[in-house]
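>>> here's my sequence, what's the structure:
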Amino acid sequence: MICRPPLRLLRTVGLCRSLCASAPLSPPPPTPDPASLPNPPSPPLSTVAMTGAFSAIGLGSVCMLQHLLGSDSAMVLGSFGATACLIFAAPSAPFSQPRNVIGGHLIAATVGCTVRYAALLAAPEGFPTLATLPIAAATAIMLMQVTRTMHPPAGGTSLIAATHGALGYELLVPTGIGSTLLVASGCALNNMRQGAPAYPTRWT
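Predicted coordinates for the structure are as follows:
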């Protein structure tokens, strides 16, 4: 015996199909133009003051360390200034997390020193700066992407190591210690702000 659905159910299904077929599809909401969006408001003066104070404390500890280690190692401070800007002004950004800060600087410094040594071996009498700088920066960027340690200020570290890396691979010591000090300062100081998100948002 074959069971057939009741006639009323068949009519209801047919009516639903006809309504769905005749109803026009609503267009997706328009994407707002970024240029038409209002600028974000300026942060409160207290937040600005705390950011400046925290940046000064973090960079001050790194400067003291670089001074104790020697003048040659102080050249890496240029990229640490940009790192402090990310850690203390945008602590929730992906580029500001410890993995990105420490790993990015160490990878970039290693690449810069390696490219410098390779260039000196290839042309010991004439250091080809124009060739080494783009190679060092591009290689560091690719390695940071592969290892998920992208940190934009580290691009400057690769250039510093490739052009002024007189310390050689010993430059990794102040680079690693300095980036670790900045992360430690960010962990201690950023979490003192009431109502601010915790730093870091992730470790790995």
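>>> burial check on residue 146, number of neighbours?
For residue 146, the count of nearby residues is 10 (other CB atoms under 10 Å). No exception for glycine: its C-beta is placed from N, CA and C like everyone else's.
>>> quick check, pLDDT for it.
pLDDT for residue 146: 95.
>>> nearest spatial neighbour of residue 87, chain-adjacent residues omitted?
Using CB to CB, 6 or more residues apart in numbering and skipping residues adjacent in sequence, the residue nearest residue 87 is residue 186, 4.1 Å away.
>>> measure the one you found to residue 92 for me?
11 Å (CB to CB, to the nearest Å).
>>> what's the overlap in contacts for the two?
The contact sets of residue 186 and residue 92 overlap at residue 199 (CB atoms under 8 Å, 6 or more residues apart in numbering).
>>> which one of these two has more residues nearby?
Neighbours were counted for residue 186 and for residue 92 using other CB under 10 Å; residue 186 has more, 25 against 13.
>>> the helices in this structure, which residues?
Applying DSSP state H to the chain gives helices spanning 7-22, 45-69, 77-89, 98-122, 129-146, 154-164, 172-190.
>>> so what's residue 93 closest to, chain neighbours aside?
Residue 93's closest residue in space is residue 86 (CB to CB, 6+ apart), at 6.1 Å.
>>> so what pLDDT did that neighbour get?
89.
>>> measure how buried it is and give me the count.
A count of nearby residues for residue 86, using other CB under 10 Å, gives 21.
>>> right, and it touches residue 153 too?
Yes. Checked against CB atoms under 8 Å, the pair residue 86 and residue 153 is within contact range at 7.0 Å.
>>> give the buried residues for stretch 112-127.
By neighbour count on 16 or more other CB atoms under 10 Å, the buried set for stretch 112-127 is 112-116, 119.
>>> lowest-confidence entry in the residues you listed?
The lowest pLDDT within the buried residues of stretch 112-127 belongs to residue 119, with 83.
>>> state the distance from the closest residue to that one other than its chain neighbours to residue 120.
Once flanking residues are discounted, residue 119 sits nearest to residue 132: 4.6 Å by CB to CB, 6+ apart. Per CB to CB, residue 132 is found 9 Å from residue 120.
>>> could you do residue 159 as well?
16 Å.
>>> swap in residue 91?
39 Å.
>>> ok, now which ones touch the closest residue to residue 151 other than its chain neighbours?
Distances taken as CB to CB, 6+ apart place residue 104 nearest to residue 151, at 2.9 Å, with adjacent residues excluded. Residues near residue 104 by CB under 8 Å, 6+ apart: 144, 149-151, 153-154, 157.
>>> show me where pLDDT drops low in the protein?
1-28, 32-77, 124-129, 165-166 (pLDDT under 70).
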